[in-house]
Structure formats: structure tokens, C-alpha cells
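>>> Here you go, sequence then predicted model.
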Amino acid sequence: MWSLSNIAGITQTWLNATFNPTIALWSEFVIVGVLVIALFAVLGLGLVYMERKVAAHIQIRLGPNRVGPMGIFQTTADTVKLIMKEGLTPDGSDHFLFNLAPFVVMIAAMLVLAPIAFAKNFQIWDINIGVLYVSAVSSISVIGILMAGWASNNKYSLLGAMRSGAQIVSYELSVGLSIISIVVLSGSLQLSDIIASQQDGWWIFKGHIPVIIAFVIFIIAVTAETNRAPFDLAEAESELTAGFHTEYSGMKFALFFLAEYINIFIVCAIGATLFFGGWMPLHIGNWQGFNQVMDYIPSSVWFISKTLFLIFLIMWFRWTFPRLRIDQLLNLEWKYLLPISMVNLLLITVMAIMKWHF
Amino acid sequence: MIEEIARTEQGDMVINLGPQHPATHGVLHLVITLNGETIKKVEPHLGYIHRSIEKMCECLSYRQFIYVTSRMDYLSSHINNHGSALCVEKGMQIEVPSRAKVIRVIMDELTRIASHELWWGAMAMDTGAFTPFFYAFRERETITDIMEETCGARLTMNYIVPGGVMADLHPDFQKKVKEFIKLFRAKTDEYNELVTGNVIFQNRMKGVGVLSKEDAISYGCTGPSARGSGVSCDIRKLYPYEVYDQVKFEEVIENGCDSFARYLVRIREMYQSIGIIEQLIDNIPEGDFQAKTKAVLKLPKGEFYSRVETARGELGVYIVSEGATTPYRIKFRSPGFSNLSALDHMARGSKIGDLVAMMGTLDLVIPDIDR
């Protein structure tokens, strides 16, 4: 009754009944825009808080516990601090590119939110090339990072940006190939179709070992693509101080910081959609009672919890592993992940043609 | 600096790592010439925190200057004090009571473990893993608590005076140390599981920062950094002082010559130190903790030298006396300085990320290098 798709439907009907179609369409745009920005802020705050708590738990600390109950307003306080700070632009920098870069990174992150299905029938834009769109738009952010590194007129920033460029461009291939393996199985690029194809079981369960391999490669590659440890060479605190955003301060830094967490959310949402059935509840065969209980849990809860699980995995990596070196990082991609995912894609294609999956 | 840039070839990038940089664990200033990510030259620039400790010591009496030495290598401050006190005792021909000798050695080894624990955490942080730092500090904290109970300070202990130690041991000392030994044995296995066995960590360390045995000797490297290259240089074995000739321990030598070998030396050394403490903790002889000395010490005219094994290598203390109440000249031979000089040789041709890891394995403490 109160599911997200119903609310969206009711709003749309009311708008169309009250205003003429043009105004209705425009107000829909505005509502969606406001929602995306709100989601952006809430996700950023929530994920930063989650990261700090997860890190604290792993590092035998307490984490934030002073601002608000359990420290939940800590990130809000930090954001207020960052807003009040002066956004410095270094003297020797390219002012235009320097100020543009955080927005490029953030807008790229915002755009990718469009085709993600947050709940049953709740999607901003169900584009028929959804998966292609996601992988294309998410790679725009590397331009922003290169811009930031180049325009800062700082050698550490430049090194960080160049590392990041090499890294994102390489790991995109593995991400692409593991996404394609699911496209091959489900036979569609549209995210809603991919979710619908997992009606009777998620691909991670249906697809035998090749899909599990594809998932593992996907998780490794997206960790690298979002510049997270153990692949955080672009920032590499102990080597490059803060990498490409060394020179940024105040809100411009906060935009990079937020974009990083939104990117994590997006890649995990895509992972959850492709491998864990998006908003689909967990069904076990013909066990009617269990399946019905699972159906009672709202689809948005399913989606969010699957995504959070993947995000937790990525955070767990960060606080456990040492960092790779740049040549080891590229070796891992070009010598191991890429050949493995190519062979794996071949296996999955054979599997899809022969209908060997469940 | 401008000349430096002019001298480099076209396409090289000169970058200042430090003095304020998270990787240098202090204020070391390295001028690095890079070709892309590959290091062509590393040039340490010293002097940023030069406090002229040697000159300060020359203005202080023989009792007072020992405390200044705590500020050189602050992570093994107790061992610095020990070396200086040994030199004064040698000059004054003071016979240290056997109780004080044992106490000094136990505290030395506790300091060594504390220093290596901190190094281990910082080392892991240099390679990008943050969590081990907190684990290392958890164990180190128990040592600093023991220190605090015994002599009132946690980092710069100033526990040693010429002729013995400042005060007798705390009544709980033995119990606390035994508890620590138990904790340590359990936790160090956890460390090895978490970091030493990690594939990424091993790939970052093996075959990186190679320093051959010949080079280690010619650069004057000492301590774990040299023992990782197969050089036998443990002062505790070669020139035993206090009761080191009466305890059983092994000089840890690894022949890998790379960063991983130096890492393993320190990890294994912690176990050896625990072994030494275990042998001594139940056998602290009764008696005075301090020899009776004159109120004002005056070293006879001459030159005196003593050497001790700190957590970083050989610390030499050289005193020239003119028979006055203050030393005429003092020179410290600090281990970090010589170890740092090998950095350029080790780092050439490797990546900038490895430079940070190499600095980690050399266990540089900047105030020790730059006195």
C-alpha cells in the first residue's frame, strides 16, 4: 500500500490531473531533482558515518560517539564545518578547471543514479540500455579526477591523478566484462529486465561457479574503480598525502568526498541489481511459507540491505588490506583479472546458449 | 633548489617529500628525482629539527646530560640513557650493583619491544594498512604502563643514573611483566596472521629495497637493518655489556637482503627480547639498585667510548674529558643516520610507493638522525 511505487504513482496521477501536461512534467523533473540531491546528501552522511563506525569496530575503537546519540550527527557537524571553511584556490592553479573538477565528479555520480531501481517499479529512468549507460557515465568521473590533479599545480596531485587515470581506465574493462556476463544470461541491457529475470532465483545462485567468479572479479574491480583501499593509489595517504584532492578545501573537498561515497553506493547498487536480484526478495525453491514471509519485507528494504552488505564488504577490505603498488595493480588487472574474466565470459555464454543455468 | 632542478635531465620531476609529510613519521625532508613514478635519486636534507643536542650535553654535568639523550631516539630513550650512563661509569670506574644491571637489561628489552611494536604499526601504515597501527598500540600501551609505574614516565623514562637506576622496581613489576609476556605471545601470532602472511604485503616487501651485505657494511648500517642483509652486528653479542653475556638469546640474522628480511628480523627480535625478559624476570638479584657515587662527577682527563644496541642499531657515545664537571666534547654515533644514508642506494629504480615502505623497514626516527 505505502510502497514507494504507489506513492510515486499517486503523485504522478495527482500532478497530471491538476496541471496541464507540460507543467506536470516539469514539476516531476523538479521533484526528482530535489530527491536526487536529498538522496545524495543523506547517502553521503549515512555512509561516512557507517564507514567510521565500521572502521572503529575493526580497529578496537569506539568511533564517533559525542555529537548526538551514538554520534549520528557527527557527519552533519563535519559537513557544517566544511561548508563554513574557505574554499581556497591555489595561486598557480588553473582556476577554471580547479573549480570545475569537483562538480564534474559529483554530476557524474548523480547521473548514474538515474537507472537504478530502488524498489519495485521505483526507478527514475528505466532506459533500455541501462547497464551500458551506467558504465559509460560512471567513467566520466575520471575526467574530473584528472582535471583536479592537473589544475592543482601540485606534483602530488598530478601523481595521484595519473595513477587514478591508469587505474580506472584499466579496471573498467573487468567491470564491463563481468556486467556483460549477466547481460548475456538475462538477455537484456535494461535494469528492470535484468531484475525480472531473477524472479525465480538470483543470478549468484542460478549461475553456477562462473557467475560467482564474475561477482568476485566485479567486487575487486569496482573497489579499484572507486579508488578504495587496497587500490586507493590515487589518494595513497602515506605516499601522496591526499593525492588528487590535496589542494582542495572546504566544500569543494566535501564534494569529492561525497562523490566517493556515492560512487561506492552506486557500484554496490549495480552489483546488488545484477547478482543479488535488486529488490527481489529471497525465495527458496517451492518453500511456500518462507517465500511468503520474505514477500512481506518491502522491496526497498531488500534493495538497501543488499547494497549495504556489499558496501560493508568494500569497507571491510579497506580496513584490512595493505595497499598495492601501481605496477602490481596494473599487473593484477591486465595479467590476471582480464584474461580470467574473458574466459569466464566465454563459459557463461556457452552456459546461456545451452541453458545450463537453473 | 633551483640549481637542483637545472641539473636534472629533461622530463624528470623533482619532488619534496617532507618535511611535513605523513610518510616520514616526523620531519624528514627528502628531495626525490622522479621519472614518472620511478625514483632516480633520493637526497635526504637534514637540519629541520636540529637541536644541537651534543652541544647542549657539553654544557651540562655528567649526571644531567643523560636526560637530554632521551630526546634523540625517543622510542628507545631508555637505551640511549643506558649508553650514556655506561660511558660515564667507564670513566668514573663505578661498579654497578648486579640488581641494577638486571633491571637495566629488562627495561632495555621492554623498550626494544615497545619500539618494535610501534615500528610494526607504522610499517603497516606505510604500506597502506591502517588497522595494525591500533593493534600495535594496544600492546605497546601495556609496556608504557609498566614504565609509568616504575619510573613515572611513559616515553622519555630517564630511569638510569650513573651507578644504577633512579629508584627501585615497583612491587607489582614482576607480575605486570609476566602478564605482558602472556599477552604478547598471543597477540604477536595474530600480527603474523594479519600482516606477515598477507599476499599483498609480501608482494610489496619481497625483492624490494635490496641492500647487499657488502653495501650494508660500507654504508655503516647497523641493527636490524643490517642484520636483514646478513651482517652480524648485534652489540649485545659482539661486545656484551651488563648481563647480556649471561643470558641465552640468538642474534637474529636474515639473508634476504630485502625489505621483507628486515621486517622479519624485527618481528623475530621481539621474540628474542621476550626470551631475555623471561630468563631475567624471576632472577632479579637482591641488593642495592644504585652504587654510591660522589655528588659531583668529574671524569678523569681522557677519551671514553661506549656502545649499546638500541632498537635501531648501534649507538656509540664518545666523551672527551678535560677533567672538568662538564664534558669537553660529546659525540653520539646514532644508528638512524647511517641507516638513512643507504636509502638512496636502495631506492633507485623502484617506485615511489616502495620508497615509503623502505623507509618503514629502516625504522627511521628523525630526531635520532637530526640531533
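Thanks, I have it.

>>> Identify the residue spatially nearest to B:Glu314, adjacent ones excluded.
Distances taken as C-beta to C-beta, 6 or more residues apart in numbering or on different chains place B:Thr222 nearest to B:Glu314, at 4.0 Å, with adjacent residues excluded. Yep, even glycine has a C-beta here, placed from its N, CA and C like the rest.

>>> Now do the contacts for the nearest residue to B:Ala291 once chain neighbours are set aside.
Excluding its sequence neighbours, the residue lying closest to B:Ala291 (C-beta to C-beta, 6+ apart) is B:Gly163, at 3.8 Å. Contact analysis of B:Gly163 by C-beta atoms under 8 Å, 6 or more residues apart in numbering or on different chains lists B:89, B:94, B:96, B:100, B:290-293.

>>> 6 Å instead?
Contacts were defined as C-beta atoms under 6 Å, 6 or more residues apart in numbering or on different chains; by that measure B:Gly163 touches B:94, B:290-291, B:293.

>>> Around chain B, pick out the residues from chain A.
For chain A, the contact set with chain B under C-beta under 6 Å from any C-beta of the partner chain comprises A:58-60, A:155, A:230, A:237-239, A:319, A:321-326, A:328.

>>> I'd like the distance from the helix or strand harbouring A:Met110 to the chain centre, please.
According to DSSP states H and E, A:Met110 maps onto helix A:95-112. Between the centre of helix A:95-112 and the centre of its chain there are 16 Å (C-alpha atoms, centre = their mean, to the nearest Å).

>>> ok, and what's touching the following helix or strand past that helix?
Stepping forward along the backbone from helix A:95-112, the first helix or strand reached (DSSP H and E) is strand A:117-119. Contacts with strand A:117-119, where a contact means C-beta under 6 Å, 6+ apart, come from A:4, A:123, A:191, A:278-279, A:299-300, A:303.

>>> Helices - which of those land there?
If you go by DSSP state H, the contacts of strand A:117-119 have A:4, A:191, A:299-300, A:303 in helices.

>>> what ranges do the strands span in the stretch 151-300 of chain B?
For the stretch 151-300 of chain B, applying DSSP state E, counting those that start in this stretch gives strands covering B:160-161, B:164-165.

>>> I should have written the stretch 101-250 of chain A there, sorry.
Counting by DSSP E, counting those that start in this stretch, the strands of the stretch 101-250 of chain A are A:117-119, A:122-123.

>>> Throw those into CSV and include mean neighbour count and mean pLDDT, thanks.
Conversion of the strands of the stretch 101-250 of chain A to CSV gives the following (neighbours: other C-beta atoms under 10 Å in any protein chain shown; pLDDT from 0 to 100):
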stretch, mean neighbour count, mean pLDDT
strand A:117-119, 21, 80
strand A:122-123, 20, 77
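
>>> can those go into TSV with extra columns for distance to B:Gly360?
Output for those, formatted as TSV (distance: least, C-beta to C-beta, whole Å):
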stretch	distance to B:Gly360
strand A:117-119	45
strand A:122-123	49
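
>>> what residue ranges in the stretch 201-350 of chain B are flagged as low confidence?
Counting by pLDDT under 70, the stretch 201-350 of chain B contains no low-confidence residues.

>>> Which part of it gets nearest to chain A, residue-wise?
Nearest to chain A in the stretch 201-350 of chain B, going by C-beta to the nearest C-beta, is B:Phe201, at a distance of 4.8 Å.

>>> again, but for the stretch 51-200 of chain B
Of the residues in the stretch 51-200 of chain B, the one nearest chain A is B:Gly128, at a distance of 2.5 Å by C-beta to the nearest C-beta.

>>> now that residue, nearest residue through space, not along the chain?
In space, not counting the residues next to it along the chain, B:Gly128 is nearest to A:Arg323; the distance is 2.5 Å by C-beta to C-beta, 6+ apart.

>>> tell me, what residue is most central in chain A?
When chain A is reduced to its mean C-alpha position, the closest residue under C-alpha atoms, centre = their mean turns out to be A:Ile266, at 2.0 Å.

>>> list the contacts for that residue?
Contact criterion C-beta under 6 Å, 6+ apart gives A:Val112 as the residues in contact with A:Ile266.

>>> Swap in 10 Å and give it another go.
Residues touching A:Ile266, when contacts are defined by C-beta atoms under 10 Å, 6 or more residues apart in numbering or on different chains, comprise A:43, A:108-113, A:116, A:134, A:137-138, A:222, A:226, A:307.

>>> okay, now B:Glu251: neighbour count?
The number of residues packed near B:Glu251 is 15, by other C-beta atoms under 10 Å in any protein chain shown.

>>> Correct me if wrong: it contacts B:Arg227.
Yes: in this structure, B:Glu251 is within contact of B:Arg227 by C-beta atoms under 10 Å, at 7.3 Å.

>>> Between these two, which contacts overlap?
When contacts are counted by C-beta under 10 Å, 6+ apart, B:Glu251 and B:Arg227 are jointly contacted by B:233-234, B:265, B:269.

>>> How about the residues of the stretch 51-200 of chain B by chain A?
B:122-135, B:137-138, B:194-195, B:198-200 (C-beta under 10 Å from any C-beta of the partner chain).
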